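A.B. asks: Quick one: sequence plus predicted model below, questions after.
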There are 2 protein chains.
Amino acid sequence: MFDSIESHAMTQETMTIREMCDAFDVTPRTLRFYESKELLFPIRDGQRRLFTRRDRARLKLILRGKRFGFSLEEIRQLLDLYYVDDSQETQLSRTLDIANDRLGDMERQRAELDEAIDELRTQMQLVGDMLASNKPAA
Amino acid sequence: MFDSIESHAMTQETMTIREMCDAFDVTPRTLRFYESKELLFPIRDGQRRLFTRRDRARLKLILRGKRFGFSLEEIRQLLDLYYVDDSQETQLSRTLDIANDRLGDMERQRAELDEAIDELRTQMQLVGDMLASNKPAA
DNA sequence: AGCGAAGATGACGTGGACGTAAACGAGACG
DNA sequence: CGTCTCGTTTACGTCCACGTCATCTTCGCT
């Protein structure tokens, strides 16, 4: 009846907390914290956590979201978009709307980022010129 | 469209704390906090703060920096690049280094943002297809 | 059997970025 | 004149995202 085959011969199916920490450069505390906030759902071998590919994919998205300045709660909601199952089907179209908004956010952020990069480059050029000439032009 | 605080006050030399709050959608506490952290330098009329165009320009950069996920301290260092005076000249090249680091951050963020936008689009396509093909028979 | 390392579970601490309340001062105004 | 509103300072409180002990198991190894 169970057609899900679990072979841990090829790539590692699950990872320990330490392997995760090494792979993603985070602390155990961080991973436990993320689990407590329901961003990760490692399975258990007795007491010990075992992180699946799903957890790894989610963690990757979490860390990226953080670099974009999202809060963990915002990220948690976004993650739901990537891991849809039938139980959420009724909310799919709502999810899609959220995703569309998020996409708009990202594109706006990209535009602003482009502008900021441009400005910073310009400013650095100016300052660089100032440094080049011995005396700043009053 | 009437002459709002923005179009009126923004053209003034200085603005009160309330005008600033209305114009930038921040609280007084935030502005005082930024001053205490030396991100803003409002002049004083007795006790009262008066925010100059310089403060407004800086605040704009501060808020943008925040949207990019920079800390106030990182932003403070960047701001020095935009408002250079002779007294800082000796630290200019250090400032430039910091700016270069931030520029790297932003460019990486830009690349990552592109990737994220792409992935999100893909994911939305998948979800959209699910919605289309999985319609209930009613 | 003993030991150390890895991992778990509280529980308290911390730094950043403000929120919020208390108490005060200075103009504006009816 | 008293009262209101705006603003100030001081100071404690809060939320988030973990850091940092202090125990407590549980493996793996000698």
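C.D. replies: That came in fine, so what should we check first?
A.B. asks: Around DNA strand D, which positions in chain A sit nearby?
C.D. replies: For chain A, the residues in contact with DNA strand D (CB under 7 Å from any atom of the strand) are A:27, A:29-30, A:33, A:37, A:46-47, A:66, A:71-73. For every residue, glycine as well, the C-beta is placed using N, CA and C.
A.B. asks: Show me the strands in chain A, by range?
C.D. replies: A:43-45, A:48-50 (DSSP state E).
A.B. asks: Could you identify which of these is most buried?
C.D. replies: strand A:48-50 (a mean of 16; mean count of other CB atoms under 10 Å in any protein chain shown).
A.B. asks: what about the nearest residue to A:Tyr82 once chain neighbours are set aside, distance to DNA strand C?
C.D. replies: Distances taken as CB to CB, 6 or more residues apart in numbering or on different chains place B:Gln123 nearest to A:Tyr82, at 6.0 Å, with adjacent residues excluded. According to CB to the nearest atom of the strand, to the nearest Å, B:Gln123 and DNA strand C sit 30 Å apart.
A.B. asks: What pLDDT does the model give B:Gln123?
C.D. replies: pLDDT, B:Gln123: 83.
A.B. asks: ok, now which ones touch it?
C.D. replies: Applying CB atoms under 8 Å, 6 or more residues apart in numbering or on different chains, we find B:Gln123 in contact with A:81-82, A:99.
A.B. asks: Just put these in CSV and tack on pLDDT.
C.D. replies: Formatted as CSV, the contacts of B:Gln123 follow (pLDDT from 0 to 100):
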residue, pLDDT
A:Leu81, 75
A:Tyr82, 75
A:Ala99, 81
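A.B. asks: Which of these lies at the shortest distance from DNA strand C?
C.D. replies: A:Tyr82 (23.9 Å; CB to the nearest atom of the strand).
A.B. asks: I'd assumed A:Leu61 was in contact with the closest one.
C.D. replies: Yes - with contacts counted by CB atoms under 8 Å, A:Tyr82 reaches A:Leu61, the gap being 6.6 Å.
A.B. asks: any weak-confidence spans in chain A?
C.D. replies: Residue ranges of chain A with pLDDT under 70: A:1-11, A:84-91, A:134-138.
A.B. asks: what two of the residues of chain A next to DNA strand D are the furthest from one another?
C.D. replies: A:Gly46 and A:Ser71 (32.9 Å; CB to CB).
A.B. asks: If you count surrounding residues, which of those two has more?
C.D. replies: Using other CB atoms under 10 Å in any protein chain shown as the criterion, A:Gly46 and A:Ser71 rank with A:Ser71 on top: 10 against 5.
A.B. asks: residues in contact with the closest residue to chain B within chain A?
C.D. replies: Here chain A gets closest to chain B at one residue, A:Gly69, 3.1 Å apart by CB to the nearest CB. Listed by CB under 8 Å, 6+ apart, the contact partners of A:Gly69 are B:66-69.
A.B. asks: same thing but 6 Å
C.D. replies: B:Gly69 (CB atoms under 6 Å, 6 or more residues apart in numbering or on different chains).
A.B. asks: cool, and the one 4 residues further on?
C.D. replies: The neighbours of A:Glu73, taking CB under 6 Å, 6+ apart as the test, come to nothing; the list is empty.
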